[in-house]
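Colleague: build the 3D model from these lines:
(one chain, ligands or ions: 1)
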Amino acid sequence: MIEEWRQDYSILAAGRLKNLWTMALAAGPAGQPVLDNIVFEFNTQTPGIMEWIRERGADFVTVCTREQKDAIAALLTKKMRDGHTVDELARMIRPCIGLTEGQAAANARYYDSIIANLKKEHPRMKMESIRKKAREAALKYAEKQHRQRAFTIAQTESAFAYNRGADYGVRQAQEQGYLGMMKKRWSTSGDDAVCAVCSALEGMEIDMDAEFNFGGRALFPGHHMLPPAHPRCACAVEYIEEVME
Ligand SMILES: [Zn+2]
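Modeller: Modelled structure (predicted):
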């Protein structure tokens, strides 16, 4: 089964995500004011860019497959095995294929809370009916969770590529002599949804090759050099020419 998941994620990465990464990368430089007045053509077919897309695809498949294993493991802990029948567990796992570990655990908690509620509110209801109702509710919740995860993946993967596109664009303009020494400045979207991690980074200026200190495990080499800092992070960087004194 794990091999099948890996293949499913590979198909997703090679098909839809490759297009999404390519388009977001190409759009990246358009968000940079320093490139506005330069007649410069962004080359999206460089070995570096093609390698980034290929690597991102491979890492995406690895991470998703591992997440999938962890999600199933979360549903098969001792506590879960002791508290549910084998049939219940089998039926709980199925809608959770494709969810993260956290989502799968939340779905199991939701299922358990429905069971507990129904038992309390309807003491005479048959256990079989209670489980059926809980299963249906958990299935509906899983559908919502799948949509949320799909949105998170699309948003976050676009952000990875968009920000790298801007960086490649600025570097190409530098190589062609249009720009001098540059710094990058963290820029949050500025709305109320900005998290504490990103708020702390707002306005921070560092060298082009330096990393931002937003912590967490690097998902791929260079992850910390640019936004996004976390899933659904809407931050960007602004490139600014260094003033020589
Ligand atoms: Zn952010």
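
Colleague: so how far is G98 from R149?
Modeller: Noted for R149: a distance of 7 Å to G98, by Cβ to Cβ, to the nearest Å. Where C-beta positions appear, they are placed from N, C-alpha and C, glycine not excepted.

Colleague: who has more neighbours out of those two?
Modeller: Legend: neighbour count by other Cβ atoms under 10 Å for R149 and G98, higher for G98 (19 against 16).

Colleague: ok, G165 - contacts?
Modeller: Residues near G165 by Cβ atoms under 8 Å, 6 or more residues apart in numbering: 24-29, 42, 44, 49.

Colleague: can I assume A30 sits in a helix?
Modeller: Yes. Under DSSP: H, G, I helix; E, B strand; the rest coil, A30 falls within a helix.

Colleague: where's stretch 106-114 relative to the chain centroid, distance-wise?
Modeller: How far stretch 106-114 lies from its chain's middle: 24 Å, per Cα atoms, centre = their mean, to the nearest Å.

Colleague: go on, stretch 181-195?
Modeller: The chain centre lies 18 Å from the centre of stretch 181-195; the measure is Cα atoms, centre = their mean.

Colleague: that one close to the ion?
Modeller: No. Shown here: stretch 181-195 not in contact with the ion (Cβ under 5 Å from the ion), separated by at least 5.8 Å.

Colleague: hmm, who's touching that stretch?
Modeller: Residues outside stretch 181-195 that contact it (Cβ under 8 Å, 6+ apart): 34, 167, 170, 174, 198-199, 201-208, 212, 226-227, 230, 233-242, 244.

Colleague: can I have the buried ones of those as a PyMOL selection?
Modeller: Typed into PyMOL, the line below selects the buried ones among the contacts of stretch 181-195, using 16 or more other Cβ atoms under 10 Å:
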select buried, resi 34+167+170+198+201+206+208+212+226+227+233+234+235+236+237+238+239
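
Colleague: among the contacts of stretch 181-195, which are in strands?
Modeller: Judged by DSSP state E, those include 205-207, 236-241 as members of strands.

Colleague: closest to the ion out of these?
Modeller: Comparing the ones in strands among the contacts of stretch 181-195 against the ion with Cβ to the ion places A236 closest, at 8.8 Å.

Colleague: name the nearest residue to L76, sequence neighbours excluded.
Modeller: Spatially, and ignoring its direct neighbours in sequence, L76 is nearest to L89 (6.9 Å; Cβ to Cβ, 6 or more residues apart in numbering).

Colleague: check what pLDDT the one you found gets.
Modeller: On pLDDT, L89 comes in at 92.

Colleague: for it, grab phi and psi.
Modeller: Backbone geometry at L89, expressed as degrees, to the nearest 10, gives phi -60, psi -40.

Colleague: thanks a lot, see you next time.
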